[in-house]
Structure formats: structure tokens, C-alpha cells
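> Okay, sequence plus prediction incoming.
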Amino acid sequence: MELAKSNFPIALTFDIDWAPDFAIRKIVSILEEHNVPGTLFLTHPSIFVESLKDHPLIEFGIHPNFLPRSSHGQSLDEVFDYVLNLCPNTKAIRTHGLFQNSHLYFHILKNYPQIQYDFSLYIPDNPYLTPFTFENEANNSLIRIPYQWEDDLFLLSQANSNKNKPILFDHGSYQIFDFHPIHVYLNSHSLSQYENLKVKIQSSLSCIEEFEAQSYVSERYGVCSQLQTLMTNTTMDRFVFATQIPYLLSHSMDL
């Protein structure tokens with residue numbers, strides 16, 4: 001039986017992006033409050049994240065930074081060694097800055113076959129997307145699953161329009177959201193909140209104390225408001241882990 005076009009599966013993903021533990025703790029508490037699963041793409045060691053390894057509502061992916069001057073390393077293998085050390089058994093990847101090219105994907109297929117799902121393709125405002133397969137000559141494959149919404153890009157694109165409008169499609173095949181813990185914590189209604197915080201701390205984001213960020217938290221309708229509204233107004237059974245999307249779509253057409 002085909003999934004109802006108005007009852008499509010929804011996945012919440014979170015690019016950790018060197019967020020401090022108090023911001024990561026915020027998103028986990030929201031997931032727990034609503035009993036909804038989430039996928040965390042990791043960037044750095046964290047005592048709190050380590051404690052989540054067996055959490056039933058959490059799955060992990062890697063968020064490697066292949067850009068110049070990356071703290072993860074200078075070569076592809078250095079970067080992979082760093083992030084896979086954070087979660088060696090992960091099956092999912094979303095690259096930092098959405099870095100991607102065919103060389104990278106062929107390298108993954110040859111050297112890191114445990115990575116089966118890629119979420120590095122952003123295609124906004126498209127409710128009817130379909131995951132697709134990237135293969136090499138040895139028939140090794142990686143499933144690429146585009147996603148449609150990201151908090152910071154939404155703030156940029158909606159800079160002069162209505163940020164209060166619903167972010168959930170009325171119909172579609174699936175929808176994947178990408179949030180950042182720091183924007184959820186700050187309830188960002190503008191990227192200037194985060195930029196001003198970075199200017200103030202002048203140090204690694206992951207090391208800041210919560211009191212340093214509290215004065216930058218917005219009381220307006222922001223990213224945290226959007227996340228809470230999405231979860232409150234949607235039935236819990238529609239939320240799935242991001243890596244479940246291809247299976248659900250393929251099996252919805254079997255009968």
C-alpha cells in the first residue's frame with residue numbers, strides 16, 4: 001500500500017557543528033519530551049554525546065569537514081579517521097558545508113563500505129524527492145537521500161519574509177529537516193544572534209559555558225519555536241530515523 005501523500009514520513013536531523021554540550025542536551029530533551037527519534041551528525045568528542053550511544057531515540061552519523069584548514073585533518077583519510085573514531089559503527093554521513101564530488105563518493109565506496117547513507121544534498125521546497133543510488137564499477141553502492149529544510153539556510157532565504165509560516169509540507173513523499181543545536185538553543189530568529197555570540201566568545205564554540213550564551217537566546221518565534229511547533233502539530237508515528245526513509249519508501253509500493 002502506498003504511503004498517503006499527506007501522511008509521509010518525517011525525519012529530524014541535527015548537524016552538531018561543534019555545539020557545546022548544553023545545546024546538544026537541549027535538543028535531546030526536546031526529542032525525549034515528544035518521544036521522537038533524531039539523527040545526530042557528529043563533529044567532535046563530547047562526554048554528553050558519549051552517554052547517548054545506547055539511547056533509543058538517537059542514531060549517529062558523521063559530519064566530516066573536508067574544507068581547507070579543517071580541524072578534522074587535511075586528507076580524506078585523515079578526516080574519516082577522525083570522525084569515524086567518534087562513532088565507528090555509523091552508517092550515515094552528511095558533510096560539513098555540504099562538500100561533495102564524485103571523487104569523494106568513489107573514495108567512500110572503496111574504503112568505507114560501512115557508510116551506506118548520504119544526506120549531503122540539499123534541495124529545498126521539493127516535497128516529492130526520491131533517494132537514489134551512487135555506485136562504482138564493483139557494484140558497491142551508497143544511497144543518497146536529499147533533504148529539504150535547514151534552519152540557517154531558511155533564516156537566510158527568509159530574511160525579508162514571514163518566518164512564522166509552516167515548514168512542514170502539506171503533501172509529499174518524505175521530508176527531512178536539518179537543525180543545528182546552537183540555533184535551537186538560541187531560538188535563532190536571525191543569524192546575527194549566532195554571529196554576535198561568536199564575536200563575544202572568541203574561542204571554540206564547544207568550550208563555552210551556558211551563561212555566556214543565555215543573553216543571546218531569543219524570545220521571538222525562532223528555530224526552537226519551529227521545531228517545537230513541528231513536533232506538537234504532527235503525530236508521533238510519522239517521525240522516523242533518517243536512515244529508515246529509503247526502506248519505508250521502497251516498501252510502501254510493494255503491495
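It's in.
> Which residues does the helix or strand hosting residue 79 contact?
Per DSSP states H and E: residue 79 is located in helix 76-86. For helix 76-86, the external contacting residues (C-beta atoms under 8 Å, 6 or more residues apart in numbering) are 42-45, 49, 60, 62-66, 70, 72-73, 90, 104, 107, 111-112. C-beta: built from backbone N, CA, C; applies to glycine.
> What lies in contact with stretch 129-148?
13, 105-106, 108-110, 113, 115-127, 169, 172-178, 242, 245-246, 249.
> For PyMOL, what selects the buried ones among these?
Applying 16 or more other C-beta atoms under 10 Å to the contacts of stretch 129-148 leaves a buried subset, and the PyMOL line that selects it is:
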select buried, resi 13+105+106+108+109+115+116+117+118+119+120+121+169+172+173+174+175+176+177+178+242+245+246+249
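> Restricted to strands, list the contacts of stretch 129-148.
Mapping these onto strands (DSSP state E) picks out 13, 117-118, 175-178.
> ok so, going back, any idea of the mean pLDDT for the helix holding residue 79?
The average pLDDT for helix 76-86 rounds to 98.
> helices and strands around the helix or strand following it, which ones?
Using DSSP H and E, the next helix or strand after helix 76-86 towards the C-terminus is strand 92-93. Here strand 92-93 touches strand 38-42, strand 58-62, strand 117-118, going by 3 or more C-beta pairs under 8 Å, 6 or more residues apart in numbering; DSSP states H and E.
> now strand 92-93, how far from the centre of its chain.
10 Å (C-alpha atoms, centre = their mean, to the nearest Å).
> Same check on stretch 7-19?
Worked out by C-alpha atoms, centre = their mean, stretch 7-19 lies 4 Å from the chain centre.
> Show me what counts as buried in that stretch.
8-19.
> Mind putting the residues you listed into TSV with secondary structure and pLDDT?
Listed next are the buried residues of stretch 7-19 as TSV, based on DSSP: H, G, I helix; E, B strand; the rest coil; pLDDT from 0 to 100:
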residue	secondary structure	pLDDT
8	coil	96
9	coil	97
10	strand	98
11	strand	99
12	strand	99
13	strand	99
14	strand	99
15	strand	99
16	coil	98
17	coil	98
18	coil	97
19	coil	98
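> so which two of those are the farthest from each other?
8 and 18 (32.0 Å; C-beta to C-beta).
> Phi, psi for residue 21 please.
As for residue 21, its main-chain torsions (degrees, to the nearest 10) stand at phi -60, psi -30.
> Go ahead and confirm it touches residue 45.
No: the criterion here is C-beta atoms under 8 Å, and residue 21 misses it with residue 45 at 10.7 Å.
> Neighbour count: those two, which is higher?
residue 21 (16 against 11; other C-beta atoms under 10 Å).
> nearest residue to that one other than its sequence neighbours?
residue 48 (4.1 Å; C-beta to C-beta, 6 or more residues apart in numbering).
> Could you confirm the one you found falls within a helix?
Yes: using DSSP: H, G, I helix; E, B strand; the rest coil, the assignment for residue 48 is a helix.
> what's around it, how many residues?
Count around residue 48 with other C-beta under 10 Å applied: 13.
> per-residue confidence at it?
At residue 48, pLDDT is 97.
> Likewise for residue 160?
For residue 160, the predicted pLDDT is 51.
> Could you do residue 4 as well?
49.
> and if you look at residue 217?
The model's pLDDT for residue 217 equals 97.
> Now do the SS call for it.
Going by three-state DSSP: residue 217 is coil.
> Contacts only, for it.
185-187.
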